[in-house]
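K.L.:
give me the fold of what follows.
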Amino acid sequence: MPTSGTTTLDSRPAPEESPTGAGTGPGEHTSPHAYDAGLLVLRLVLGLTMAAHGAQKLFGWFGGNGLEGTGQFFSSVGYPAGDVMAVVAGLTEGLGGLALALGLLTPLAGAALFGTLLNVLAVQWGGGFFAPKGIEYELLLTAGAAALTLTGPGRYAADRMLPVLRAHRLGYGATALVVGAAAAGVLLLVRG
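P.N.:
As a prediction, this is how the structure comes out:
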């Protein structure tokens, strides 16, 4: 690909390079802040949605069943120690969601939500794709968690203050997703 400032065969200037390496049209510039703002919106919506689900499980807020009702649900779908699973799921969703919204320890927060959501998909599987019994909503949340785990939180995140995570690496996200999937697999095996 020609570099910026060179001309192509038709005498037009070559496309400018964007921060992602993809060319844009002549005279067009992609602001890296646009990507960061988009990641911030995705983190806030996904993270706070998951935190609210955690609060439903832990405290019964937002019309949730609280620990007792959530524990009974976990037991009814085959998980042993439903009350313990309710606490684990509530804490993972609540704390993982808040951390993701803040962009704090993003690979770990995203992977925790990813693993939890893989379990949700397994429980919901068989009800088709579309709501109310399908997996479309859960699949969207799972994909969002995976995407944020792989891309990193962007510049508007608490991770920017942590030297190890300041510059997100694809390897961090990929490794975290493997760990999240492995943890989900163990829980699904326990579920039987």
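
K.L.:
report the central residue of the protein.
P.N.:
Central residue of the chain (Cα atoms, centre = their mean): Ala145, 1.3 Å from the mean position.

K.L.:
tell me the pLDDT at it?
P.N.:
Per-residue pLDDT puts Ala145 at 98.

K.L.:
again, but for the one 10 residues further on
P.N.:
As predicted, Arg155 sits at a pLDDT of 92.

K.L.:
so who does the spatially closest residue to Gly78 that is not a sequence neighbour touch?
P.N.:
Excluding its sequence neighbours, the residue lying closest to Gly78 (Cβ to Cβ, 6 or more residues apart in numbering) is Arg191, at 4.7 Å. All C-beta spots, glycine's among them, are computed from the backbone N, C-alpha and C. By Cβ atoms under 8 Å, 6 or more residues apart in numbering, Arg191 lies in contact with Val77, Gly78, Tyr79, Pro80, Asn119, Ala122.

K.L.:
what of Arg166?
P.N.:
By Cβ under 8 Å, 6+ apart, the contact set of Arg166 is Asp159, Arg160.

K.L.:
quick one: it is in a strand?
P.N.:
No - going by DSSP: H, G, I helix; E, B strand; the rest coil, the assignment for Arg166 is coil, not a strand.

K.L.:
low-confidence ranges in the protein?
P.N.:
In the predicted model, the chain carries pLDDT under 70 at residues 1-29.

K.L.:
where's Ala146, which helix or strand?
P.N.:
Under the criterion of DSSP states H and E, Ala146 resides in helix 136-151.

K.L.:
just checking, what packs against that helix?
P.N.:
Judged by 3 or more Cβ pairs under 8 Å, 6 or more residues apart in numbering; DSSP states H and E, helix 136-151 is in contact with helix 32-59, helix 106-124, helix 170-191.
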